[in-house]
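1. next input, structure requested:
(2 chains)
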Amino acid sequence: DQQVKQNSPSLSVQEGRISILNCDYTNSMFDYFLWYKKYPAEGPTFLISISSIKDKNEDGRFTVFLNKSAKHLSLHIVPSQPGDSAVYFCAASARGGSYIPTFGRGTSLIVHP
Amino acid sequence: GAGVSQSPRYKVAKRGQDVALRCDPISGHVSLFWYQQALGQGPEFLTYFQNEAQLDKSGLPSDRFFAERPEGSVSTLKIQRTQQEDSAVYLCASRAGDTEAFFGQGTRLTVV
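-> Down below sits the predicted model:
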């Protein structure tokens, strides 16, 4: 059973608009969350993370929001750029699990010029 | 190099052949992970090392899969008697502390 779920396989957004990628998790022990970005034929690249003691973390155009009660996190990209087109993976980890990341299946983001 | 390096980038194996995939982590990184990524899926955890100790191998799909990191640096993932369902991208990642892991480019294994 998937512990980290990305229910939208794909998302299409116009350049300059906001991209919102969503992620749900089921394991209440998860306390550290990460987003990775992946281009074709490359490995995943770390983007941004958030600890469960926070509900928001911002880094430039990227903001991650965490709603612990709903077991939901989202990644906001504002403004979206064509170079943001990639597959985005949500990952979650737990202190008791040696912080080994568990990944979702990914959301393919396409930003149209 | 500064990043995680994996070799080979591509490997074609005949069914039944043994393969060995290599990972050079970032220097000084204590933790090392192996993941398997099938087409259209997210990375699936295989195994985890802290220095030379294999602390978790719960994700290895069968006893045909074996990983080692004898000196706490370079790691090798070995797959014996490869089968078609082993075809995937194998990703290695390393990490200094408990925060983000850094991934290599992966090895694409195709079993024919």
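2. point to the residue nearest the middle of chain B.
-> Nearest to the geometric centre of chain B sits B:Trp34, at 3.6 Å (C-alpha atoms, centre = their mean).
3. wouldn't A:Phe30 be in contact with A:Ser52 here?
-> Yes - using C-beta atoms under 8 Å, A:Phe30 is in contact with A:Ser52, at 7.4 Å. The C-beta positions use only the backbone N, C-alpha and C, and glycine is treated the same way.
4. look at these two and report which has more neighbours.
-> A:Phe30 (24 against 16; other C-beta atoms under 10 Å in any protein chain shown).
5. excluding chain neighbours, what is closest to that one?
-> A:Ala92 (4.0 Å; C-beta to C-beta, 6 or more residues apart in numbering or on different chains).
6. ok, B:Gly16 - how many residues close by?
-> B:Gly16 has 10 nearby residues by other C-beta under 10 Å.
7. separation between it and B:Arg81?
-> According to C-beta to C-beta, to the nearest Å, B:Gly16 and B:Arg81 sit 5 Å apart.
8. could you do A:Gly106 as well?
-> A:Gly106 sits 30 Å away from B:Arg81, going by C-beta to C-beta.
9. the two: which is more packed in?
-> Between A:Gly106 and B:Arg81, counted using other C-beta under 10 Å, the more crowded position is A:Gly106 (25 against 12).
10. and the strands in the chain?
-> In the absence of a named chain, chain A is used. Using DSSP state E, the strands found in chain A span residues A:4-5, A:10-14, A:19-25, A:32-38, A:45-51, A:56-59, A:62-67, A:72-77, A:86-93, A:102-103, A:107-112.
11. correction: the question concerned chain B.
-> Under DSSP E, chain B gives strands at B:5-7, B:10-13, B:19-24, B:31-37, B:44-50, B:53-56, B:65-68, B:75-79, B:88-95, B:102-103, B:107-111.
12. out of those, flag the one nearest A:Thr102.
-> A:Thr102 sits nearest to strand B:44-50 of all those, at 6.7 Å, using C-beta to C-beta.
13. okay, the angle between that closest one and strand B:88-95?
-> Interaxial angle, strand B:44-50 versus strand B:88-95 (axes from the mean of the first three to the mean of the last three C-alpha atoms, to 10 degrees): 30 degrees.
14. ok so, going back, mind putting the strands of chain A into JSON lines with mean pLDDT and mean neighbour count?
-> Formatted as JSON lines, the strands of chain A follow (pLDDT from 0 to 100; neighbours: other C-beta atoms under 10 Å in any protein chain shown):
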{"stretch": "strand A:4-5", "mean pLDDT": "97", "mean neighbour count": "20"}
{"stretch": "strand A:10-14", "mean pLDDT": "98", "mean neighbour count": "13"}
{"stretch": "strand A:19-25", "mean pLDDT": "98", "mean neighbour count": "21"}
{"stretch": "strand A:32-38", "mean pLDDT": "97", "mean neighbour count": "23"}
{"stretch": "strand A:45-51", "mean pLDDT": "97", "mean neighbour count": "17"}
{"stretch": "strand A:56-59", "mean pLDDT": "98", "mean neighbour count": "12"}
{"stretch": "strand A:62-67", "mean pLDDT": "98", "mean neighbour count": "18"}
{"stretch": "strand A:72-77", "mean pLDDT": "98", "mean neighbour count": "19"}
{"stretch": "strand A:86-93", "mean pLDDT": "97", "mean neighbour count": "24"}
{"stretch": "strand A:102-103", "mean pLDDT": "97", "mean neighbour count": "22"}
{"stretch": "strand A:107-112", "mean pLDDT": "98", "mean neighbour count": "17"}
